[in-house]
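> Structure of the sequence below:
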Amino acid sequence: MEGSTKCDMEKQNIQKEPFVHTEVNTAIEASYDTLATPTENEGELSINLLANGIYCAACIQKIESTIRKEKNVTYVRLNFSTKKLLIKWTGKPEEANNFVKKIENLGYQPAPYNLETQQSEVRKQERFLLLCLGVSGFAMGNIMLLSVSLWMTDAETMGPAMRDFLHWVSAIIAIPTLLYAGRPFYRSAFSVLHKGHTNMDVPITVALFLASSISLYEVINSAEHVYFDSSVMLLFFLLIGRYLDFRAKKHATSTATELLSSLTGFANVIIDNDIKRMPISELKENMIILLSAGEKLPVDGVILEGESEIDTSLVTGETLPQNVKKDDFVYAGTLNIAAPIKITVRKEAKQTLLSDIIDLTEKAQQYQSHYTRIADKTASYYTPIVHLIAIAAFLYWSLYVHVSWQDALMISVTVLIITCPCALGLAVPVVQVLTTSKLLKNGIILKSGDALEKLASITTVIFDKTGTLTKGQLELIGVYNDQDIQLSAALASNSNHPLCKSLGKYAQNHFSIQQNQYKIRDISEVKEVKGQGIEAKYKNCTIKIGNRRYCGDKNAPKTPNTELWLQDEYGKRTPLYFEDKIKDDAYETVQKFQKKCKNVALLSGDTKTVTAKVAKALNIEEHRGEQLPTEKYNFIKNLKENGEKVLMVGDGLNDTPSLALADASIAPGTALELAQRHSDIVYMSNKTSPIYDTYIASKTSLSLIKQNIALAIIYNVIAIPIAFMGYATPLIAAIAMSGSSIIVICNSYRVNFKL
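Numbers count the residues shown, from 1 in each chain. Just a heads-up that it's a prediction; the model follows:
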């Protein structure tokens, strides 16, 4: 209570930082070579850029293919949802400036990537789209009122003078509206056309230009073919589609944005008993910060003072709060719920577990999967084909069918609009980002973009035992008298062996008091016999604790449990049995895989007896104990040679070769760093359910991607002939094109309901 009051009083001394609004200018001329950072590969550099002005898969294809042609470039990937461009190369840092110039020459606006810049651009773009949408909606309403007068009155009753007047009023409203509200499309189209290539905004711009131009021509010549109402309505529906697309991508990346926001802002740092506000980016190791209730921890650290409850759902996916106290390690991104606590910084913001999670997630989202490559390549050829089809439609209707050139031109405009490849461009990336974000919320981190693709095709699942299906912590089982527990705990307190630590923990829980209060004072002359056990003097007698060979009954029957033996002052030998308990949901996880007709096997380095016991409890028929790393490796190798697609789940050093060899691999967050490095997926929960959840996510995402591609293809197969044959107007085309994108986006969002 005192600690909390003290922390609260200190909080009042916080020096408030004035809020200064800074406008981010993405066109800042910078020396980009200073932003180049070394990668894990020797001699390789990387840079992250924000690529403004991309709207479709064709834009991505153009930027990536241009940079990929550059000498020494080893990797390039542009994330469609976040607009983050990652470039890796071998050579000098100065080459980064060349990459930026190449992108600028393509008509795009690159800028140094950081969270503030990215979020500023998102807000700016959203305001711009809403403004254009509002202007076009207002104009559409007014022009439609004028059009009603033209539709409901015949030409003779109205007279040519009144008709021309209403046409001119429509033109005065429509032309400024089209010029202003159409800028999201015009800017993109003119920018890429100036550089000699196309994107999906080019046919839209051409269609709007042709529809408005022919209408203006007809007004000037007092003709009847005026389409200002259709042009403005067309723009309105196109902007609705663009805005919904924008919102979908913004929502899809909200989880990553939430994670990133935890690493920005200010923290309360205790310096000379005074609390000061300091940017999170400037926090250093061993600094002491005050974390108030309701604040998120920006760094990894150890609790120095205070007790509280923390919400770790952002990092581990666990929904229940955890109690924490002095000396407990806490991770960046966790939310302090109950009371103020003081924390010693152990890792800076850029080195935290949360930072690693963000980096891995972004790499996974940037990876170009098999289906992404198909969609991107198709979209790059699609736009030129659309223009050819539109020209063919104009020539067919004007030269062969002999309709007026105005009608032929409107059919051509309809073709341009209805065949826009928006749906195809959204088919893959929206599903990828949504799935990655959903898994991340549940504490599941994809380390490679093709992890789900590989996981979806597995036919065999191989589990390691310790730490994967079991808790990885040996616990004392059985019933023992207090004297035996006191003696064994007193001896065990002199060793760091895992069994001794488990024994001490059991004694603490058993007596519900601190360890130093039940230590036996008369114990003396403690000596540890390496690899055997511990002995000491008690009441002038020797007492021991250790393995069966050291102080146990060699004739006692063996059990499948791990054991220690206690020899008391009377020479009585008592076995203490330990068990690595199976995780509560392990049986359910195994059963779910088996119901999916997957072969499940258990490979463990533990004894055959213990392995068999666990396998029996989990109903796993295929099991092997006392497996060396090479034996696990060869087992998987044989399966793969027989055509099996193998998923390996493990956490130990002996699992590393197998994790690397398997078609897909998963490791828990408690695994050794080397095991995590060789796995495709890491989950932070202590449960086994994330393993099966990730498998289901892989199947679901793959199914939705295939559905989206199929929907995009079916739409174009149906829409192009309808538009070509003159059965649709430009307005209907705009609604259909926007509708196809909305259908693909809505279908992608089904991943949230299936996971």
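
> buried residues in stretch 612-625?
Neighbour counts over stretch 612-625 (16 or more other CB atoms under 10 Å) mark 612, 613, 614, 615, 618, 620, 623, 624, 625 as buried. No exception for glycine: its C-beta is placed from N, CA and C like everyone else's.

> Look at that stretch and report the distance between its end residues.
Length of stretch 612-625, first residue to last, CA to CA, to the nearest Å: 7 Å.

> Find out how far it is from the centre of the chain, if you would.
In terms of CA atoms, centre = their mean, to the nearest Å, the centre of stretch 612-625 is found 35 Å from the chain centre.

> per-residue confidence averaged over it?
Computed over stretch 612-625, the mean pLDDT rounds to 91.

> what about the helices in the stretch 151-300 of the chain?
155-158, 160-181, 183-194, 201-220, 228-252, 254-261 (DSSP state H, counting those that start in this stretch).

> could I get those as a markdown table with mean pLDDT, mean neighbour count and distance to residue 605?
As requested, the helices of the stretch 151-300 of the chain are exported to a markdown table (pLDDT from 0 to 100; neighbours: other CB atoms under 10 Å; distance: least, CB to CB, whole Å):
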| stretch | mean pLDDT | mean neighbour count | distance to residue 605 |
| --- | --- | --- | --- |
| helix 155-158 | 60 | 10 | 91 |
| helix 160-181 | 88 | 17 | 67 |
| helix 183-194 | 81 | 18 | 58 |
| helix 201-220 | 84 | 21 | 59 |
| helix 228-252 | 77 | 23 | 42 |
| helix 254-261 | 60 | 17 | 36 |
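
> could I get the ones you listed as a markdown table with distance to residue 39?
Shown next, in a markdown table, are the helices of the stretch 151-300 of the chain (distance: least, CB to CB, whole Å):
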| stretch | distance to residue 39 |
| --- | --- |
| helix 155-158 | 71 |
| helix 160-181 | 44 |
| helix 183-194 | 31 |
| helix 201-220 | 34 |
| helix 228-252 | 27 |
| helix 254-261 | 20 |
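
> out of these, nearest to residue 111?
Counting by CB to CB, residue 111 lies closest to helix 183-194 out of the helices of the stretch 151-300 of the chain; the figure is 15.3 Å.

> Just list what that closest one packs against, helices and strands only.
helix 57-68, helix 115-152, helix 201-220, helix 228-252 (3 or more CB pairs under 8 Å, 6 or more residues apart in numbering; DSSP states H and E).

> Of all those helices, which one comes closest to residue 269?
helix 115-152 (21.0 Å).

> And that closest one, what's buried?
By neighbour count on 16+ other CB under 10 Å, the buried set for helix 115-152 is 117-118, 120-122, 125, 129, 132-133, 135-137, 139-140, 142-143, 146-147, 150.

> cool, and stretch 535-544?
Using 16+ other CB under 10 Å as the burial criterion, the residues of stretch 535-544 that qualify are 535, 536, 538, 543, 544.

> pLDDT check: weakest of those?
Lowest confidence among those: residue 538, with 85.

> beta partners for it?
Judged by DSSP bridges, the bridge partners of residue 538 are residue 541.

> How much space separates it from residue 524?
Distance, residue 538 to residue 524, by CB to CB, to the nearest Å: 8 Å.

> and the spatially closest residue to residue 624 that is not a sequence neighbour, what does it touch?
Of all residues not flanking residue 624 in the chain, residue 603 sits nearest, at 5.3 Å (CB to CB, 6 or more residues apart in numbering). Residues near residue 603 by CB atoms under 8 Å, 6 or more residues apart in numbering: 462, 463, 464, 465, 623, 624, 627, 631, 632, 635, 658.

> Kindly reformat those as TSV containing distance to residue 575.
Output for the contacts of residue 603, formatted as TSV (distance: CB to CB, whole Å):
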residue	distance to residue 575
462	33
463	29
464	28
465	23
623	26
624	27
627	27
631	31
632	31
635	34
658	34
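
> In strands, which of the residues you listed appear?
Among these, the members found in strands (DSSP state E) are 462, 463, 623, 624.

> possible to save these as CSV with distance to residue 491?
CSV is the format used below for the ones in strands among the contacts of residue 603 (distance: CB to CB, whole Å):
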residue, distance to residue 491
462, 39
463, 35
623, 35
624, 35
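
> measure residue 730 to residue 452 for me?
Distance from residue 730 to residue 452, by CB to CB: 40 Å.

> Check residue 483 too.
Residue 483 sits 56 Å away from residue 452, going by CB to CB.

> So the two - more neighbours on which side?
Comparing residue 483 with residue 452 by other CB atoms under 10 Å, the one with more neighbours is residue 452, at 28 against 12.
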